Each structure stands twice: as C-alpha cells, then as structure tokens.
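*Asks:* Predicted coordinates and the sequence they were generated for:
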Amino acid sequence: MLYQFEFRRYQRKFAPPLTTNHGIWEHRNSIILRLTDARGRVGWGEIAPISWFGSETLKQALDFCRQLSGKITSEAIFAIPDDLPACQFGFESALERVGEKMTNLPTLTYSGLLPAGEAAIHVWQSLWEQGYRTFKWKIGVEAVAKELEVFNLLIRSLPNSAKLRLDANGGLSYEEAELWLETCDKFKAQIEFIEQPLPVGDLAGMLRLSECYQSAIALDESVATLKQLESCFQQGWRGIFVIKVAIAGSPSRLRQFCQQHQLDLVFSSVFETAIGRQAALQLAAELSPQNRAVGFGTNHFFAPEKSNWLQSLWNEF
Ligand SMILES: O=C(O)CCC(=O)C1=CC=C[C@@H](O)[C@@H]1C(=O)O
Ligand SMILES: [Mg+2]
C-alpha cells in the first residue's frame, strides 16, 4: 500500500531548561509526519530522537524523511533500519492510525518529573495538588554530598504515601551508587527505584549492585532501543526496564518482545508532543504493569501548547 508522506520540523523550548547528567537541554526538536492513503485517510506520527540516549540524530531522521520524496509504502515502513528507531516508531505509529480518530488517552497513573537540585523541594507540592503520588528526581548533576543533603530534605518533606524515583542518567561512580543505594535502603517504603545509576557499559556493575541492595534498580539508557533491551535481557537483567517507546523502535516488535517475557516495565516520555504521546501511551496502557506509574508527567517542563499548534505548523508552509 502506497502513502503520500509529508513532514514538518517542530521545536519547543524547555522552560526552564532541563538539567541532567547529560547536560542542559534547552529545546525539544522533533518531526511531525502525516501519511495519506489513496482514499485521503490520514495518520499522524512523531519522530522524536534523543541521540545521546542511543537513537538516531535529528539530522539522520530528517535525511531519511527527505530521501523518501513524498511517498512511502507500508512494506518500506516495516523495513526502516534498526539504526533509525525513532523513525521506525514515528512511521509505524502513523501507519497504525491512518483513518483512526484520536481516541482519548487510557487512564494511567502518572509520575511527575521534578527539576534537578534543590528546586525539587519547592515544586513537588503543586504536582501533589494536581494528583501525582509518584515523583522522579534527577541526581548525578551536582556533587553527591550536596545531593544527599537535598535528598534528606526532600524525602522528609514528601508525605509517607508518596513514591520517589531517582534518576542518575548513568552519572554515578560505583562507590557513589553504593552510597545512594545504602541511603535508599533506609527509605525503602518511599523509594521506588534508582534509574541508570551506572554508565551504559557497566551492566555487570548494576547486576552486582542489584544483588547487594534492596532498593530496586531500573535500566534506562542501557535499554533505550529494542536491540539494547533484548541484549540486557539476554545478559540476565531481570530488574526494571524503562521503556522510552518513541525511541525504542518498531512498536509492533516492542509489543511482541514485552508480551513474550514477563518484564517489570516503566514507560517513559521522551518529551514528545501530543502526537507521539498518544501513540506511546496507547502501548503503555497495553503493556504497563498496574503497579508502575508511567513517566509522562512532563508537560510542566514546557510553556502550554497552543490548541491549534498542529494546524499552524502544517499551514505555515
Ligand atoms: O521518565 C520520566 O519520568 C520522564 C522522562 C524523563 O525523565 C527523561 C526523558 C528523556 C531524557 C531524560 O532527561 C529523562 C530520563 O533519563 O529518563
Ligand atoms: Mg532516565
């Protein structure tokens, strides 16, 4: 089946910029795409790469879109190479939605992302009032002694019923990870997990840590693409897998892998727009364990989107 294909670049400003161990992130750039079939039915998709996470770069995704010169078949969509996982997601989710109405989002429990550093102590309350009961805080940004100090203030200010996730983005040394896990073991009831404590290359270290401490460890950057997910599973990881659907690759192959194995999954945003989010959350609703909030409480990192943002994007050319 042949589809007409159009795409537009889209950019949103983080307000304030997002600080993680990877650095400071000022703008979220992605590609919005539209497939149209022979009967004029339309399907929208989003390509939202994060190259430092292991997906293709935005330039590689744009080059791929440009060389299609305005048309693509469903066979070609399922043949998009594995080194373009964000393109696989964007095109395949658009294909799945040709002619479909945007259905309302499934009811899920969301985790609210807190800003790194001390700001977290002043932000969690407004998210709590919006109904969040799970929060994620970035560590590995400032010196570990300073962050442990802030952690002690944060964990004591949170209600006992709140759950806290810590995300190091691979920025801790083995000793710092041990220090954090010892600390978390003292707050077992409130700490849900530590995400990617060690760099991607040190799966052995994270396997060892998961044997020595009670607090759970989640892999994120280590399992960013479906290929990496399968590899960590084959190397014995049975802890938590963070799934960033929009950069993992083909949604149908991801669904197949997750349904084949009983995995402990946490679905996570890549700061996509409502288009990518809709597709990612539909998969999360199918595959997310009941007891895991989805990491899509991120909209407050952007200025609110204009309701007609998609039309104005599409008509601006
Ligand atoms: O997972 C969440 O709760 C929100 C999304 C999130 O934390 C991230 C999205 C993309 C890149 C990173 O900054 C960060 C992460 O590492 O998980
Ligand atoms: Mg993470």
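*Replies:* Yes, it's here. The structure displayed is predicted, hence computed values, not measured ones. Numbers count the residues shown, from 1 in each chain. Ligands and ions are numbered 1, 2, ... in the order given.
*Asks:* and residue 95, what does it touch?
*Replies:* By C-beta atoms under 8 Å, 6 or more residues apart in numbering, residue 95 lies in contact with 3, 35, 43, 45, 74, 77. Any C-beta I mention is one placed from the backbone N, CA and C, and that applies to glycine too.
*Asks:* With residue 85 instead?
*Replies:* 55-56, 225-226, 247-250.
*Asks:* Please list all residues in contact with whatever residue of the stretch 201-317 of the chain ends up closest to ligand 2.
*Replies:* For the stretch 201-317 of the chain, the residue closest to ligand 2 is residue 220, as judged by C-beta to the ion, at 3.6 Å. Counting by C-beta under 8 Å, 6+ apart, residue 220 makes contact with 167, 169, 195-196, 242, 244, 268.
*Asks:* would you turn those residues into JSON lines with secondary structure and pLDDT?
*Replies:* Shown next, in JSON lines, are those (DSSP: H, G, I helix; E, B strand; the rest coil; pLDDT from 0 to 100):
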{"residue": "167", "secondary structure": "strand", "pLDDT": "98"}
{"residue": "169", "secondary structure": "coil", "pLDDT": "96"}
{"residue": "195", "secondary structure": "strand", "pLDDT": "98"}
{"residue": "196", "secondary structure": "coil", "pLDDT": "98"}
{"residue": "242", "secondary structure": "strand", "pLDDT": "98"}
{"residue": "244", "secondary structure": "coil", "pLDDT": "98"}
{"residue": "268", "secondary structure": "strand", "pLDDT": "98"}
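*Asks:* Please list which of the residues you listed also come close to ligand 1.
*Replies:* The subset of the contacts of residue 220 within reach of ligand 1, by C-beta under 6 Å from any ligand atom, is 167, 169, 268.
*Asks:* Pull the contacting residues for the second one.
*Replies:* Meaning residue 169. Residue 169 neighbours (C-beta under 8 Å, 6+ apart): 20-22, 138, 140, 195-196, 220-221.
*Asks:* Export the residues you listed to a markdown table and append columns for secondary structure.
*Replies:* Shown next, in a markdown table, are these (DSSP: H, G, I helix; E, B strand; the rest coil):
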| residue | secondary structure |
| --- | --- |
| 20 | strand |
| 21 | coil |
| 22 | coil |
| 138 | strand |
| 140 | coil |
| 195 | strand |
| 196 | coil |
| 220 | coil |
| 221 | helix |
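*Asks:* Wait, a helix at residue 55?
*Replies:* No. Under the criterion used here (three-state DSSP), residue 55 is coil, not part of a helix.
*Asks:* what about it, neighbour count?
*Replies:* Close neighbours of residue 55, defined as other C-beta atoms under 10 Å, add up to 28.
*Asks:* Return the distance of the closest residue to residue 98 other than its chain neighbours relative to residue 146.
*Replies:* Here the nearest residue to residue 98 in space, its sequence neighbours aside, is residue 43; by C-beta to C-beta, 6 or more residues apart in numbering that works out to 3.4 Å. Residue 43 sits at a distance of 48 Å from residue 146 (criterion: C-beta to C-beta, to the nearest Å).
*Asks:* same question for stretch 85-105, mean pLDDT?
*Replies:* The predicted model assigns stretch 85-105 a mean pLDDT of 93.
*Asks:* and if you look at stretch 154-163?
*Replies:* Stretch 154-163 shows a mean pLDDT of 97 in the predicted model.
*Asks:* Next: stretch 171-179.
*Replies:* The pLDDT scores in stretch 171-179 average 98.
*Asks:* before we move on, the earlier item: inside strands: which ones of the contacts of residue 85?
*Replies:* The members of the contacts of residue 85 all map outside strands under DSSP state E.
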